[in-house]
Structures are given as structure tokens and as C-alpha cells.
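S.K.: structure for this input, please:
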Amino acid sequence: MTKLESKPPNTADPGNFFNEMSAHELERFLEFVSRFMAETQDALLLGMPAREVPIMVQLMRSHLRGRLETPSSLIDSSGLARGTAHRLIEEMVETGLIVKRPRTRSGKTFSLHPTRQLIDAWVNYLRRVKSLLGGAFGLSEDMDYFFGASYLATAAVAPLPVMSSKLNLPGGLRILLHADAGFMAMQKLKRQFEMHFGAEIEVRALSIDRLHQEIRNNAGRRQSRYDLVTCDVCWMEEMIQADAIRPVQMSEGGETRDLMDFHPEALSTVQRDEALYGIPVQTTPELFLYRTDIFEQHGLDPPQYLSEVLACARQLHGSARGLSGICWNGARGTPVGTSFMMLMADFGQPVLNLPRMGNGFRDQQLAADELIPMLDSNQALEAADFLVELLSWSPPNVLQMSWYERARCYADGQAAMGYCYTQILPMIENQPDSPGYGRTGYLPHPTAPGVPRSAPLGGWNICVPANLKPARIGDVTKAARTLTSAAATKLYIENGSLVSSRFSVCNDPVVAHGRPVIATVDQMARAGQLQTWARPAVPQLNTLVRILGEEIHTMLLRNKKPAAALRDAQARCERAMGL
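M.R.: Prediction:
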């Protein structure tokens, strides 16, 4: 047998060439090149010479990476002659494509940044080229080829441009944050935001209980130590009445219209009449999680009702080595107190005598008779009995579990179901080695029959302390608007966060790609399933949670019967409410 030898194609032979590429395909490619050049000139160059492209590319790359460009560095990296590059940069400044921002008070040195006009031109160019690629090469709308996502997507959120002038904040911007995964993404972007603001950023991150106390302590100081503080949505009424935070001033027009981009329930946590006491930065509902692979293996449907949660937990508990049925917050204090409040809501009863409104309850501006605790209700007893039974199908350490521990339990494959706030989901969704990665279903809370299903809304608002030095308020407010903007929210998600308070960011094709939980929460927001009333907006909420966290934990340790624990909790909560 003669050995066959492979030979490179004879590219000099036109006949051989057309064996590999049809005349029709070549014609389509030539048409693509022609249209590509036309799109480049029309959408990107805006009548400018093509030699500006290297400068544009370098400037945009540096902006997206948070790297500062000076005239010298931009000229050196452009690959052009110094005189030519300098002249082109000055022309782009004059035409509004590049902004010069002073680096010193004298204004003798400055940095260069793309303007909103240039950023929008690149985003538009990207969109048009992707559409052109689709038409030229037969890519369907459903194909996620990269650059980013579908070439027909038109809802992309543009990158954040720098501020035209630096923030005037001596000592830098001082922020008090909650130490969670969502805000860790913000800290990763610290350098980029420092470039945007032209000011240093000092961040202090605390655990939830220490953060609450520090905000209260800060309110008692003559002058605030922080420019911005992050408030849990359920603290807002307390902080407003304690005069710990001040209204955020929004100008008419664009800033006011921008508020319509926020999920309504998230926005409702900061609005009091016409005043806005903060800006939502994270919408983090608590979802019900289940392992899709385990449910499929056992032929189970995801639970819709609380009775089905018990049935599934009972069947799956111990079905594999080290596998519990369900994990949840059982630790004493705030964790189990919050769990019980939400479970009462799943049985259809808020912790207070809230008035009905639509498919839920009104939880703001309550009358005296609406502040009565409801721990002596039948639904409260059902919730208590439910938790007692759930203990049998839970991990051995469930009574020591708080938010992180229960998420870790599920992420490590030790529970088939669980509850989890979306801000902690990166532990699962960003970790390919987690057994739950790509195998997790997300649902609103299962409920009792006849109770509309909802996802209790948690999350954080960025607020301005009431005792902030007046000279800093204007620039601090600008910083707050930037840190909660759609562009900033998209940045957080691209750097590990899985939460958004904005419709536009949820609809961004790059954000939605590979992050199913974001689309799920957006659908819940549109369906009105994100609800705040499980934790009513009353100043005493933290006290109510603490009381429940003590009484319910004592009950789960079998040191009190459910009825006795609820009776004692009712009496203590009535005193806390001044009744």
C-alpha cells in the first residue's frame, strides 16, 4: 500500500482555492469587509481619520481595566509618531471624545479618559459589528458567539465614564460596608472607582450586628466618621427615626427618571413620602434552593407547599452518605429569629397585625393597632411546629447555622434543599467544584395552601449620614449615585456579585449570560413576588428579631414547648412595642 502524504494547498492555483471556498462565500466575505469598513467609519470614527483607532483602543482598554493614562503614556502606547499622536489626542479632546482631568490643584498635569460620547460610540460599534457578523456568517439570534452575547442584543449597559472633575473630598471617600460577598466585589474595584472619582477610597467592612451598632454609634458623634454607610433594608425605619441618615437630594429630570429602573420593592425601602433616604445597591431576596440532579434521581417535583418541603426532606435525608434533607438558619439570635419571621409569612401571617394590601401586606406608616405582635396566632403555632419537625431532617449542627454556614452546607453537597440570600450565592454559582454548581433550582418560598408565594426581600441601601460635614454632602451624593448606577452594578456582577437592584442590569445580555439566578430574581420582581412585609419597617424590628431568636432557639433545644415559647415571645414583643 502506498503511503499517502498530505500536501499544503496550492494557494497560487485559483482552481484549488475555489475547491475550498465557493465563489458565493467569497462574495459574502468581500461584502462583509466592505460593510465592516463602512460601519467603522460611520459608527466609530465619526468622520475622523482611521489612524486615531490605536489611541481609542488603548484609552478604552485602560478605562475598562482601571488604569490611568497620561498624555505621555498614551502617546507611547499608540505606536504613532509623537507629534502625530499628540495632534490626534488634542483633536479628540476638541471634538469631545477625550476628557482631560487635572491631577493636581495647579492643573499643570492631567489624566486622559474616554468621554461618554466615545464610550457610547464603541458600544454602538460593537452592537453593529455583531449584527453584521450574524448576517455575513449565518449566525442565528440564539447563538451566543463572543464578543459577549447575542449580536441582536440592544440592552447592554455602557461602561462607567470618569467624572469630568474630581471629587473634592479631603482625606478621600470614607465608606462603611457590610462584609459580604456582594460588597467584596465593590472592594475589588476600589482602584477603578478611585480613578473614576479622582479621590482615594477608604473602606471599613463589618459583620451585620457590628455594622448596625456602628451606624447607631456614628449617629451619636458630633461629626460623622463616614461619608457613606450601607443600611440593611429592614433597618431603614429605625435609622430614619433615629436621625442617623439624611435624605438624598436628586435633581429633576434624568436622576429622577433613573429611579424607575430600580425594582419597586427595593425602592420602597428608601422612600418615605417624597423623601429618598438612600439608594438601593443590592436587592437580595431569600430564595428556596434545591438540587435538580437529586430531585430528578428520586423522581421528585420541586416543592411548592410547606408540606411538600417536609415530605421531600424526609425522603432525601440520608439517601446518600452525609446528605441532609434541608439546611436553614437555626443559630440563636438574629439567624433563627429572622427564619421564624419569614416562616410565619410563608404561613400567611406577618409578625405584626399588618393591614392587607394586594397580595401581601402594608408594612410602613402603621397605626397603633397594626403594631400588635401576632405570635399568639394559629399561623405562628403552625410555623413553630413546622420547625420542630424540620429538625429531624436537617444537619446535626443546624442550630449553630447562620447565613454563611447554611450556604456552605448546601454548596458542599451536604443538603438537598436550603434557603439562601442571593448575595451569598457566589459560593455556589461561581465555584465549578461545588456539587450544586449548575445543578441548583431557584424558587420563591414554598407556602401554606392559599398563601401567595413570595421571596422575602433583603438587601442593602447606600445612605448619607445625617451628621456628615455639610461641605462634603454634594460630592458624597455624586459618589452615592455612581456606586449605585447601572454601570457600577454591572461591574460588581462581572467581578463576582450575583445581585442587582435594577431592571436594566438584569436585562443586559452579558450579565444574563451564565447567571440564571439574576434572570430568576428579575422575573420575580416583575411578577411582584419580591416582598418586604415579612420583616416590617418598624424601629423595633431588631428587638423583635432578637426576642424571637432567643425564644425559638430555646424551643428548638426542647427546653420549652412551642405554645409556651410563643406565649413568652408574645409578652416580650408587646413590651418592646410599648403595648
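
S.K.: may I have stretch 62-81 exported as CSV, CA atoms only?
M.R.: Backbone C-alpha positions of stretch 62-81 (Å, rounded to 0.1, in the frame of the first residue of the first chain) are rendered in CSV as follows:
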residue,chain,number,x,y,z
SER,A,62,-7.1,51.4,30.2
HIS,A,63,-10.5,52.7,31.2
LEU,A,64,-12.1,49.3,31.4
ARG,A,65,-9.1,48.0,33.4
GLY,A,66,-9.0,50.9,35.8
ARG,A,67,-5.6,52.0,34.6
LEU,A,68,-4.7,55.7,34.4
GLU,A,69,-3.5,57.2,31.1
THR,A,70,-1.4,60.4,30.9
PRO,A,71,-0.6,62.1,27.6
SER,A,72,2.9,60.7,27.6
SER,A,73,1.8,57.1,28.3
LEU,A,74,-1.0,57.2,25.7
ILE,A,75,1.4,58.6,23.1
ASP,A,76,4.0,55.9,23.8
SER,A,77,1.4,53.1,23.6
SER,A,78,-0.2,54.3,20.4
GLY,A,79,2.6,53.2,18.1
LEU,A,80,2.4,56.6,16.3
ALA,A,81,5.0,59.3,15.9
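
S.K.: verify the stated contact: residue 187 with residue 205.
M.R.: Yes - assessed by Cβ atoms under 8 Å, residue 187 is found in contact with residue 205 at 7.3 Å. Any C-beta I mention is one placed from the backbone N, CA and C, and that applies to glycine too.

S.K.: what's in contact with stretch 224-232?
M.R.: 169, 173-178, 183, 204, 208, 211-212, 215, 218, 239, 245, 278, 281, 458-469, 472, 476, 479-480, 483 (Cβ atoms under 8 Å, 6 or more residues apart in numbering).

S.K.: mind giving me the ChimeraX command for buried ones among those residues?
M.R.: Buried members of the contacts of stretch 224-232 can be picked out in ChimeraX with the line below, counting by 16 or more other Cβ atoms under 10 Å:
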select :169,173,174,175,176,177,178,183,208,211,212,215,218,239,245,278,281,458,459,460,461,462,463,464,465,466,467,468,472,476,479,480,483
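
S.K.: among the contacts of stretch 224-232, which are in strands?
M.R.: Residues from the contacts of stretch 224-232 lying in strands, with DSSP state E as the criterion: 173-178, 204, 245, 281, 458-465.

S.K.: distance between the ends of stretch 94-109?
M.R.: Using Cα to Cα, to the nearest Å, one end of stretch 94-109 lies 18 Å from the other.

S.K.: what do you get for stretch 478-488?
M.R.: With Cα to Cα as the measure, the first residue of stretch 478-488 is 13 Å from its last.

S.K.: overlap of the contact sets of residue 187 and residue 205?
M.R.: Common contacts of residue 187 and residue 205 (Cβ under 8 Å, 6+ apart): residue 177.

S.K.: now name the helix or strand holding the residue nearest to the spatial centre of the chain.
M.R.: Closest to where the C-alpha atoms of the chain average out (Cα atoms, centre = their mean) is residue 499, at 2.0 Å. Assigned by DSSP states H and E, residue 499 belongs to no helix or strand.

S.K.: grab the nearest non-local neighbour of it.
M.R.: residue 282 (4.6 Å; Cβ to Cβ, 6 or more residues apart in numbering).

S.K.: cool, residue 555 as well?
M.R.: Leaving aside its chain neighbours, residue 555 sits nearest to residue 565 (3.8 Å; criterion: Cβ to Cβ, 6+ apart).

S.K.: does that neighbour sit in a helix, a strand or a coil?
M.R.: Under DSSP: H, G, I helix; E, B strand; the rest coil, residue 565 falls in the helix class.

S.K.: state the pLDDT value of it.
M.R.: For residue 565, the pLDDT comes out at 97.

S.K.: may I see the buried residues of stretch 572-579?
M.R.: For stretch 572-579, using 16+ other Cβ under 10 Å, the buried residues are 572, 573, 576, 577.

S.K.: now do that stretch: distance to the chain's middle.
M.R.: How far stretch 572-579 lies from its chain's middle: 36 Å, per Cα atoms, centre = their mean, to the nearest Å.

S.K.: now stretch 389-409: how far from the chain's centre is it?
M.R.: The answer for stretch 389-409 is 25 Å, by Cα atoms, centre = their mean.

S.K.: give me the contact list for it.
M.R.: The contact list for stretch 389-409, computed with Cβ under 8 Å, 6+ apart, reads 309-310, 313-314, 316-317, 324-332, 334-336, 414-415, 418-421, 424-425, 427-428, 553, 556-557.

S.K.: need the distance between the two termini of it.
M.R.: OK, stretch 389-409 end separation, Cα to Cα: 20 Å.

S.K.: next: stretch 263-273.
M.R.: Note: stretch 263-273 ends 18 Å apart using Cα to Cα.

S.K.: got the buried residues for it?
M.R.: 263, 265, 266, 267, 268, 269, 270, 272.

S.K.: what average pLDDT does the one helix or strand the second one maps to get?
M.R.: In this structure, residue 265 is located in helix 264-268 according to DSSP H and E. Averaging pLDDT along helix 264-268 yields 88.

S.K.: ok, now stretch 470-486?
M.R.: 94.

S.K.: what's in contact with that stretch?
M.R.: 157, 160, 163, 167-169, 173, 186, 193, 196-197, 227-228, 246, 248-249, 255, 261, 279-281, 462, 464, 468, 488, 501-502, 504-505.

S.K.: then stretch 540-559?
M.R.: Counting by Cβ under 8 Å, 6+ apart, stretch 540-559 makes contact with 212, 234-235, 237-238, 330-341, 351, 373, 375, 384, 387-388, 391, 399, 535, 538, 560-562, 564-566, 568-569, 572-573, 576-577, all of which sit outside it.

S.K.: where does the protein have low pLDDT?
M.R.: By pLDDT under 70, the weakly predicted segments of the chain are 1-51, 65-66, 104-107, 130-155, 181-182, 251-256.
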